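**Q** Okay, sequence plus prediction incoming.
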Amino acid sequence: MKRDFWGNEIPQKEITVNVYHDEREITNNWLYHSFLFIPVRNEEDVLNSLNEARQKSGWEKELHFVDLGNTETENCLALKWIDLFSQFLFEKLYFHFFGINYRNLEKRLWSKPQRDSKIYNRFFQIGLYGAIKWFFLTGGFEKVSVQNIFSDKKSRRGEDRFHTQPVEEIEMKSLLKGEDIMFEHSEIIGIDSDHEKERGYPSKSHFLQLVDLIMGTFAQIFDNTSKTKGGKLLAADRCLSFTLPVKLMQYNPNSRYYKKYAISFFPKQRLTKEQILQDDIRSNVNQFYNERKMEYAIRNQLQLKVC
């Protein structure tokens, strides 16, 4: 415990968060893991903001980026949430967009059905651990408590240890390094992103929908995944109007998004399975980068007034 000039104990600066995760795959090119960190004390405020926007838009169903089309109320909610994310929510939460470049990995490591679940889980662990260190341990906090990790529920093979392996690895690494990271629950919780279907944690589903929306929008901007006019392009245009994700690719301590939102990509050069599974791959910082070409360009500023 640190002490002040008079010998009094200085309370440890700590933060308790919940983590929300989703993933998106761009066939043969990229795998994206996205992580939303919400301090427990802020969750009610964030949820209220999302639900207020939902009520104003008139869209009550699940918001899913891949389903965005020509439904006005659905598109309206997507734009309102992007507005919140870009202008207000950075004061209450943290977001990490982590891209794995398949082209710099051996195909057998990611190609279905022979994909190695240990490799996939390692990518999740790298993205989660790196974000905890960047946002919190190098951002003024001495202790990080993760209350729960929620991930969009998916079918996994029996030998896949996704729900436990990443947490175990981070706990071990942080212990060896003397980092004060604590997981209150040792298993990742899989939930349905549809709040009308999820029975155990329906309010948490809204946060997964936000992760999906921002991740899908960023993927649209980087990879130009959809060429069809509609909600996906509107979302990308709206995001670009706030110069996101451009600002996140720039190292700028004066940015309002600094240590709040982050983008990183991996690896820069070709890696083998052995190199990926080495004890501390983040020590090789040259394999991580945060700038790449955006394949999508803003189409029509007039469309930004839809909602």
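**A** Sure, I can see it.
**Q** What about the closest residue in space to residue 162 that isn't next to it in sequence, how many residues nearby?
**A** For residue 162, ignoring the flanking residues on the chain, the nearest one in space by Cβ to Cβ, 6 or more residues apart in numbering is residue 121 at 5.3 Å. All C-beta spots, glycine's among them, are computed from the backbone N, C-alpha and C. Residue 121 has 20 neighbouring residues, counting by other Cβ atoms under 10 Å.
**Q** likewise residue 252?
**A** Residue 252: 11 neighbours (other Cβ under 10 Å).
**Q** can you pull the contacts of it?
**A** Counting by Cβ atoms under 8 Å, 6 or more residues apart in numbering, residue 252 makes contact with residue 258.
**Q** That one and residue 138, how far apart?
**A** Applying Cβ to Cβ, to the nearest Å, the value for residue 252 to residue 138 is 16 Å.
**Q** could you point out which element follows the strand ranked longest in the chain?
**A** Longest strand in the chain by number of residues, with DSSP state E as the criterion: strand 14-26. Going down the chain from strand 14-26, the next helix or strand is strand 30-39, by DSSP states H and E.
**Q** Could you list the paired strands of that following strand along with their orientation?
**A** strand 14-26 (antiparallel), strand 94-101 (antiparallel) (DSSP bridges).
**Q** could I get those strands as CSV with mean pLDDT?
**A** Shown next, in CSV, are those (pLDDT from 0 to 100):
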stretch, mean pLDDT
strand 14-26, 96
strand 94-101, 97
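**Q** one step back: in three-state terms, label the residue nearest to residue 162 for me.
**A** Of the three states, residue 121 takes helix according to DSSP: H, G, I helix; E, B strand; the rest coil.
**Q** roughly how far is the longest strand of the chain from the heart of the chain?
**A** 5 Å (Cα atoms, centre = their mean, to the nearest Å).
**Q** and residue 78, helix, strand or coil?
**A** helix.
**Q** if we can go back for a sec, counting neighbours, which bits of the longest strand of the chain end up buried?
**A** For strand 14-26, the neighbour count (16 or more other Cβ atoms under 10 Å) marks 15, 17-24 as buried.
**Q** can I assume the residue nearest to residue 162 is in contact with residue 167?
**A** No. Using Cβ atoms under 8 Å, residue 121 is not in contact with residue 167; the gap is 10.1 Å.
**Q** Now residue 214: which helix or strand?
**A** Short version, using DSSP H and E: residue 214 is in helix 202-223.
**Q** for that helix, packing partners?
**A** Here helix 202-223 touches strand 14-26, strand 30-39, helix 43-57, helix 72-87, strand 94-101, strand 143-152, strand 189-191, helix 231-241, going by 3 or more Cβ pairs under 8 Å, 6 or more residues apart in numbering; DSSP states H and E.
**Q** Need the residues that contact stretch 219-231.
**A** 24, 26, 29-30, 32, 65, 68-71, 74-75, 78, 99, 232-233, 235-236, 239-240, 245, 292-296.
**Q** average model confidence for it?
**A** When pLDDT is averaged over stretch 219-231, the result is 92.
**Q** and the end-to-end length of that stretch?
**A** 14 Å (Cα to Cα, to the nearest Å).
**Q** just stretch 90-105 next, same as before
**A** Rule used - Cα to Cα; the end-to-end distance of stretch 90-105 is 33 Å.
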